[in-house]
Each structure stands twice: as C-alpha cells, then as structure tokens.
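[1] structural data only, the sequence is not supplied:
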C-alpha cells in the first residue's frame, strides 16, 4: 500500500534526486523520514512553534522561517521540492505564487511534488466540526490544475492512496488535529457535541483503538520543458 513517505521516496529516487526542499515542513516528521532515506533536506516553515519542534527533531538540518511564496528563489537550486499537506494552508490568493516560486528553486530536470488530503473520507468527515476544509482543499487542487492547463507547470503523473491513522480514542484524535493548528483546540471545545457525533459515525473500531481513513492525492510536477518556471 502506498503511503506519503513511500510516494515521495520512490519518486525522488527514480529521478536521482539528492537535495530537496520541504515547503511547510511543520514539526519535521516528513523531512526526518527523507533524511533517513538518504536525502539532503532543507525545511521551510512559517510557524515559529512548528519550526522549533523541527529543530529539535533535526538538529543538523537547514531550517528556514519563511513562506514558500516569500522565499528568494534566485538564491537556491534544489533537485526537487515538495509540499505535503501544506498547500491548502497557504492563502488561496497566494497558492499560485507559492507553487511557481518553489518551482523556480528547482534545477532543470528536477520535480515538484504536491501531496494533499482530499475533501472526503472518514478522517475528513470526523474533523469537520473542528474545521471544514472542503473549499480550501478544492482550491489547492484547482490551482494545480490551472497552472498545468496554462503551461506554467508540467504534469507527469497523479497518484492516489488511502492514509490510515490509528487513534486511542477521540481525545487522541483532537490532539492530532491541534498539533497541526493549535487554534483548533478552542473549536474542538466549542463543538464537542458535534465532534463526538462525527467520531462515533466515522471511526472504525480496532483492537485497542480506532482507525480513520483519509484519501490522498499526489501530483508529480515540473517546470515547463525542464527549465525554471516562468513568472505567471
């Protein structure tokens, strides 16, 4: 079964990639997995509290406090770049800038990988009382499609898989949601009744806990003709 790290590692290895930039690295978990697989990873993260966690996890890595759309693309050249569950956290009006600016940081022949959760599945349905990301997840996919249609990015392939997440119970699920976005804690408290209902209706019981499933989609993209992406 494909998972996010497996998708990244297999794609990057097939392309002979060595240096990678993680846009929206969060606490550094994905970057740590790729470092363990032999890649040289630079992390970029706008949230100071997340960057601090990443620095503890990856003390020797290059980690930068910035947004993808604000990076100085002229000062960097990587074999590849990726967004994992992070494009939909970019303001919709800046998604194009984030993708194109990142593509300019990629060497000719390199790739841009984007992994996003789809607005469906039991995980998505269970979290909706805390945050309904339907519109912003759709906007992320729509932005990618538009850039490909306009010839500003090339699409090599799309892959889909289901991510299974195991939880001890609803409190563990809420803790997972709030690690990504601490402001969700208040929303979880304010919508505790609805959250209990969506957990009951969507979580699949397993021995010692429960499972929620999140359908994922991964795009393998590149600047046009293997060159640096143009300004839109």
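    Looks like it arrived, so ask away. Owing to the predicted nature of the structure, the values given are computational and were not obtained by experimental measurement. Residues are numbered from 1 along each chain as shown.

[2] in the longest helix seen in the chain, what's buried?
    In the chain, assigned by DSSP state H, the helix with the most residues is helix 134-149. For helix 134-149, a neighbour-count test (16 or more other C-beta atoms under 10 Å) marks 136, 137, 139, 140, 141, 143, 144, 147 as buried. The C-beta positions use only the backbone N, C-alpha and C, and glycine is treated the same way.

[3] tell me where this protein has helices.
    Along the chain, counting by DSSP H, helices occupy 4-14, 29-36, 48-57, 95-103, 122-127, 134-149, 170-180, 184-190, 192-202.

[4] now for those, which one comes closest to residue 155?
    Of all the helices of the chain, the one in closest proximity to residue 155, counting by C-beta to C-beta, is helix 134-149 (4.6 Å).

[5] now the closest one, how far from the centre of its chain.
    Distance of helix 134-149 from the chain centroid (C-alpha atoms, centre = their mean, to the nearest Å) equals 14 Å.

[6] swap in stretch 159-179?
    15 Å.

[7] go on, stretch 20-32?
    Distance, centroid of stretch 20-32 to centroid of chain: 9 Å (C-alpha atoms, centre = their mean).

[8] stretch 83-98 too?
    Distance, centroid of stretch 83-98 to centroid of chain: 9 Å (C-alpha atoms, centre = their mean).

[9] distance between the ends of that stretch?
    One end of stretch 83-98 to the other measures 10 Å (C-alpha to C-alpha, to the nearest Å).

[10] ok, stretch 179-186 next?
    13 Å.

[11] so what touches it?
    Stretch 179-186 is contacted by residues 26, 27, 49, 85, 130, 131, 174, 177, 178 when judged by C-beta atoms under 8 Å, 6 or more residues apart in numbering.

[12] which of those are buried?
    By 16+ other C-beta under 10 Å, the contacts of stretch 179-186 give 26, 27, 85, 130, 131, 174, 177, 178 as buried.

[13] return the member of the contacts of stretch 179-186 nearest to residue 209.
    residue 174 (14.1 Å).

[14] doesn't residue 127 make contact with that closest one?
    No - here residue 174 does not reach residue 127: they are 9.2 Å apart, not a contact under C-beta atoms under 8 Å.

[15] quick one on the thing from earlier: how big is the angle separating the longest helix of the chain from helix 95-103?
    Put simply, helix 134-149 runs at 50 degrees to helix 95-103, going by axes from the mean of the first three to the mean of the last three C-alpha atoms, to 10 degrees.

[16] start the count at 23 instead of 1 going forward.
    With 23 as the first residue, the last one maps to helix 156-171.

[17] no further questions, thank you.
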